[in-house]
Structures are given as C-alpha cells and as structure tokens.
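Asks: pasting the structure only:
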C-alpha cells in the first residue's frame, strides 16, 4: 500500500490512534493484576486485538516508507517497460478522473511555416519534484507536478528558417550527480537532443546550460557524420543515460539519396561532454559506391545498468526501397543490437528484416523484462506488427523464430533476401482483392482493382515498377510508440496501425515527368529522388478515392495485448474512431502505459480522446476529449499522495489532427 491510499481511503486509519491509546491506558492503569484476573477467553481476545493493531501500525509505517511513484525516464524505467506501480487510480474508479490542471506551452505561437508539420509527441519525465516537458521546437519546460505552474523554461534558439525533416521532441533524459558538493552547479542534468542536431545539458534546478559540458553546455552532433542536408540530420527522441554516459542516436531524413549521413551511435561523458565511444551499425557501407548511409537509431535506446548493456534499435540503410547498391543482409541495419554500455563493444545483434526494401525501421524502444524462469529478456515490437522475444544476454529467441521464404524482386539490379524471420504476428499481413474494403461500391471496386493491378503477394512483397501493396506499411504495425509491459500478467501491450502503403519505383529518367504529371495521375503522395540509385520512389497511403478511408478492413488502429510467456494474443480492441459512435479504430502515433491499478492508458488516435482500458480484458472503461489531439504517450506519477495522469495534447501536423500546445493532468476528485 502507498501512504496516500491508506491515509485517504482506509476507514481503519482514524481509529488506530484512539484504539492504541485506550489499550495502553488500560494496561498502564490496571498493571499486572489486570492480566492475572482476566479469563483465558478475554486474554485470547485481547491478544488478537493487539495483534491487529500492531499489524495495522506496521502497514501504515510500511506505506509511509514506500517512495511515491515517479516517472524518471522516457519509458519510466531505463528498459522502457512503461509500467507504473501507482495504483490509486484503478479500474474501479478511473471513470471519476477529472482535469487537475492544464499548462499551455505557447509552442505554436511562433510565426513559421514549420508549424504545419509540428507534432507534440512528448512524454514528460518526473525527477527531483519537477515535471520536465519538451516542445516540438525543443523548448524545455520545468513544471510543478501538482499544479502545472511553470518553474523555468529553456529556449535552444533554433534557426526556424531551415526545412527540418521532422518537427518534434519526444522527450528529455536526466542524470543526477550523487557526488556533487552542496551549491555545485548542475547536480541534476537534463539532456535534450535538438532538431538541428545539438546535444544540450541543462541545470535541472533553473534551466541554465551546464557550461562544463561540451562547448559551453552543448555538443554539435553533425561532426563526424558528413552532413549532406541541413535539417535532415536531427535528434527527435529522448537520449538515454547509462552510468555516467549519455547515449544518443539520430533521426535522418531518408530516401533523399544513397549517400546520406552516417547513422552512428555515440556516448558522451555526462559531466564533460567528451566522447567515450562511437558505434557504426553498417561499417560495410564504406565499401559501397556510392556510400550507403543511415542504418541509424532514431528511437530511444534501452539500458540495462546491472549488466552494463545498452540495446540499440536501428533503421534501414539508405535508400529504403532499392537495395541494389547495398547488396546482402545489411547487418546491423533493421536490428536490435546489444552493446557494452561502458565501451560500445558489440555483444550480440538480432536482425528483424534482412535487406530492407520496405522502410521497416525498428522504430520502437526495446522493452526489457524478466522471462518466466527469471531469465533477463527483451521484447522487440516492429513496424511489421511482429514481436520478437529474446534472451537479453545473448539474443537467442525465447519464442521460436523461423526463416521463411518471401517473394523475389523483379527490379533489375536488386536481389531481395530469400527469407525473413517470423515472429509473433499481431496484425494482418498482405492484402488480396477479396480483402478490399470500401464504404460504397465505387470505392470497393477501385480498391479491388488496384490490388489486382499491383504486386500484392503478402508481407515482404518487394517494390516494383507496376506498384506494390506493402501491408503493413511503413507507419506500422508499431511505430515509435513502443510498448508497455504488465509484469502482473506478463502482457506486452502495444498500439498498432492497420494501414497499407502503395509503393512504386520510377526509372530515374522518368522521375521528373512523373512528378510534373502527378495531379492528373492522382499521385498525390510522396516522391523521393533516391539520388545515386537508378530509381526514384513514390508512395502513398492505400486509401479509397471518395471516402479517403483505408482500403483495408477496419479496425484501422488497435490496442492489443500479447502474453509474452506463451506468444498468445490475449485481447485486441479498436483505438479511436473516424466518426462518432463507431469503433473503427484510427491510424495512431503514440503508445500505451500500464499501471498496477489494472489500467492501460492510451491516446494516440486521430480523434481527440485519451482512453483507459482494463488491462485484463481490454474493455474501454473511460475516455475524455482533449482540447487537441494527443499523438503522444502519456505518463503517470504520484505526488503528495495523489496520482496524476499526464498527457501532451498538441496534435500532429503531418497526420492532420487538431493541433495545440496543451499539457493536461488528471487526478481523482
């Protein structure tokens, strides 16, 4: 029990004090003769009653000694479990939640064209009594967790004239200097990676830059990567803390070219900023002509401090949709790799996709947990919707993985890898004409005909000149939202997307004409040059022409739970809706959290609601309409005996949801 629950909710507590007083008073006034003269039955009753009282006192003392539930890392614990021991809010009372406070960051008040792509994807952290929030433009704000009052704000002074590939910051990290002397600067350091690829250290007390770190508080991360395009090499996810190191990857704008920035992962001394190690996921790329880039870790890296390990999720080598220059498996792109945290030395790797041709980055932070026999384990969620469960110490699968044959490429000069690893499949894979969906006959026929006219031979159908249905598409499955682990029920809980993409390769000499004729050919999606490759690329969400809804059957987004001990799906429910009173599910960005109160919280959908689900059954038990959409993962903490649920509600410019600048906190009345 926690002290807040005992003191506020237990009717026994107010009676304990008077009862103990009366017992002690009776024993003092009557002395030994009192006990000598009572009957055996009375003695038994008094002993039992005294035992109950003492047990109650012990429970209260224990509850008061239990620290309040915090959220000190992006995924709460360094291993990204997104599980909270807070249980004041539970499945029985969650429907009583009310808004406790709202804070507005003012992020979108700036006059810039970048607002149209800004996404408030932040998950706040709670450290040393402050809630730390980062905005899409990398402002860091410290808030009072109980009131939402601003304590300080830091502005990194971004140059907003650049065309940044992404405009978001998913979070910050924190390191506490336990050896700091009283009055020393920066006893708590807050680290943020920025859109212009700086790593900045701030004093958690006041937001001042820690001038002993790097160059007056910051490091230019563009060094050593051969920057190709300003604004396409960034940091958008929270950095990770491993001992006295801050570990950082990068977000790289892909599909621009073959020869783009290197996807190196680096570790810096938290005090001085000195680089301690660097790891290149694709060292073989130096031998390709032109040199292949990326393979970068753009999600958050997980940490196992006890075993001196970090777990790095990597994306695809460049470019995504043509691999003729980067022949072979392309290790260690599209992988999770274990490195020694102190040195960066390679320990093991597990590749979820060989020779990626589908933009199937490992976008999720790996989830660390204990297997049923207490073996340290790791769960990997993927854009394919497949889950891999491995031994954390050696990368050997705990749930069997098979290499299964997949379709061949028909693109001259490219050779798809002949097999791909299986895994726990959580969403539909591949699309046949009979699977098409439309809200009217015209849309249904259009979707059917397009499937028939395209390559659509199941998951891992390679891109083609005629057009390929890629299902699931590059949005997921599971994207950067990652997963949550419920240790009570050994459930891995994740938000999934059910969206196909239509991908077409275009010969280099025809690319300009195809771009010029895009409107008359209904090609209103994304063109990519893939400079240095013989083919450019076009992709778009596979949507029906009139309703503009997915050609795949609903639900289009879900929250689901998988038993990690058996690999069995336990429940799967729609997340969000495109129209009122329907349970269609929607495309979603943002993940779930789970609590000891038996509640899963998730926002993320394209409507404006945050929802609560029963962690045992998946039943929706509460929802609240936010002032803007929340493409973000919430967090929860208990402060002053009260549990709060906090979510960033600012929408997603690229997704087209309602934008804003709200941080909203909920609590029980």
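Replies: Yep, that arrived. Since this is a predicted model, take the numbers as computed values, not measurements. Residues are numbered from 1 along each chain as shown.
Asks: C-alpha from now on. contacts and neighbour counts both.
Replies: Fine.
Asks: Taking the centroid of the protein, which residue is nearest it?
Replies: residue 481 (3.3 Å; C-alpha atoms, centre = their mean).
Asks: Hmm, that residue is touching residue 591, no?
Replies: Yes. Counting by C-alpha atoms under 8 Å, residue 591 is a contact partner of residue 481 at 4.1 Å.
Asks: Could you name every residue contacting both of these two?
Replies: Here residue 481 and residue 591 have 494, 495, 632, 633 as joint contacts, going by C-alpha atoms under 8 Å, 6 or more residues apart in numbering.
Asks: For the first one, which residues are in contact?
Replies: Contacts for residue 494 were tallied using C-alpha under 8 Å, 6+ apart; they are 478, 481, 482, 483, 484, 559, 560, 561, 591, 592.
Asks: Kindly give the local confidence score, pLDDT, for the nearest residue to it once chain neighbours are set aside.
Replies: Excluding its sequence neighbours, the residue lying closest to residue 494 (C-alpha to C-alpha, 6 or more residues apart in numbering) is residue 483, at 4.6 Å. pLDDT recorded at residue 483 is 98.
Asks: got it, and residue 179?
Replies: Note for residue 179: predicted pLDDT of 90.
Asks: separation between it and residue 276?
Replies: Relative to residue 276, residue 179 is positioned 20 Å away (criterion: C-alpha to C-alpha, to the nearest Å).
Asks: what do you get for residue 544?
Replies: Distance, residue 544 to residue 276, using C-alpha to C-alpha: 51 Å.
Asks: Of those two, give the one with the bigger neighbour count.
Replies: residue 544 (22 against 15; other C-alpha atoms under 10 Å).
Asks: my read: residue 176 touches residue 187, true?
Replies: Yes. Counting by C-alpha under 8 Å, residue 187 is a contact partner of residue 176 at 5.9 Å.
Asks: Of the two, give the one with the bigger neighbour count.
Replies: More crowded of residue 176 and residue 187, by other C-alpha under 10 Å: residue 187, with 19 against 16.
Asks: wait, doesn't the more buried one sit right on residue 203?
Replies: Yes. With contact defined as C-alpha under 8 Å, residue 187 counts as touching residue 203 (7.2 Å).
Asks: So what's the residue count around residue 513?
Replies: By other C-alpha under 10 Å, 10 other residues sit near residue 513.
Asks: what helices or strands is the helix or strand harbouring it leaning on?
Replies: Assessed by DSSP states H and E, residue 513 sits inside helix 508-516. Helix 508-516 is packed against strand 535-541, with contacts defined by 3 or more C-alpha pairs under 8 Å, 6 or more residues apart in numbering; DSSP states H and E.
Asks: In its sheet, which strands sit next to the strand it packs on, and in what direction?
Replies: strand 501-507 (antiparallel), strand 526-528 (antiparallel) (DSSP bridges).
Asks: between those, which one is nearest to residue 262?
Replies: Proximity to residue 262, assessed across the strands paired with strand 535-541 by C-alpha to C-alpha, is greatest for strand 526-528 (19.0 Å).
Asks: Show me what that closest one is in contact with.
Replies: Residues from elsewhere that reach strand 526-528 (C-alpha under 8 Å, 6+ apart): 255, 256, 515, 536, 537, 538, 539, 540.
Asks: surely the fourth one meets residue 507?
Replies: Yes. A contact is recorded between residue 536 and residue 507 when judged using C-alpha under 8 Å, the distance being 6.3 Å.
Asks: Looking at these two, which has the bigger crowd around it?
Replies: Of the pair residue 536 and residue 507, residue 536 is the one with more neighbours under other C-alpha under 10 Å, namely 26 against 15.
Asks: Report the rounded mean pLDDT for stretch 558-576.
Replies: Stretch 558-576 shows a mean pLDDT of 98.
Asks: Same check on stretch 624-632?
Replies: On average, the pLDDT along stretch 624-632 is 98.
Asks: Would you map the strands across the stretch 551-669 of the chain?
Replies: Assigned by DSSP state E, counting those that start in this stretch, the stretch 551-669 of the chain shows strands spanning 557-563, 569-574, 593-595, 599-602, 609-614, 620-625, 635-639, 642-649, 662-667.
Asks: can you redo those strands as TSV with distance to residue 410?
Replies: Compiled in TSV, the strands of the stretch 551-669 of the chain are given as follows (distance: least, C-alpha to C-alpha, whole Å):
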stretch	distance to residue 410
strand 557-563	32
strand 569-574	35
strand 593-595	43
strand 599-602	41
strand 609-614	44
strand 620-625	46
strand 635-639	46
strand 642-649	44
strand 662-667	49
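Asks: For residue 491, which non-adjacent residue is closest in space?
Replies: Closest to residue 491 by C-alpha to C-alpha, 6+ apart is residue 563, at 4.6 Å.
Asks: Can you give me the neighbour number for the one you found?
Replies: A count of nearby residues for residue 563, using other C-alpha under 10 Å, gives 17.
Asks: change the start of the numbering to 57 and stick with it
Replies: Happy to do that; since the first residue is 57 now, the last one works out to residue 619.
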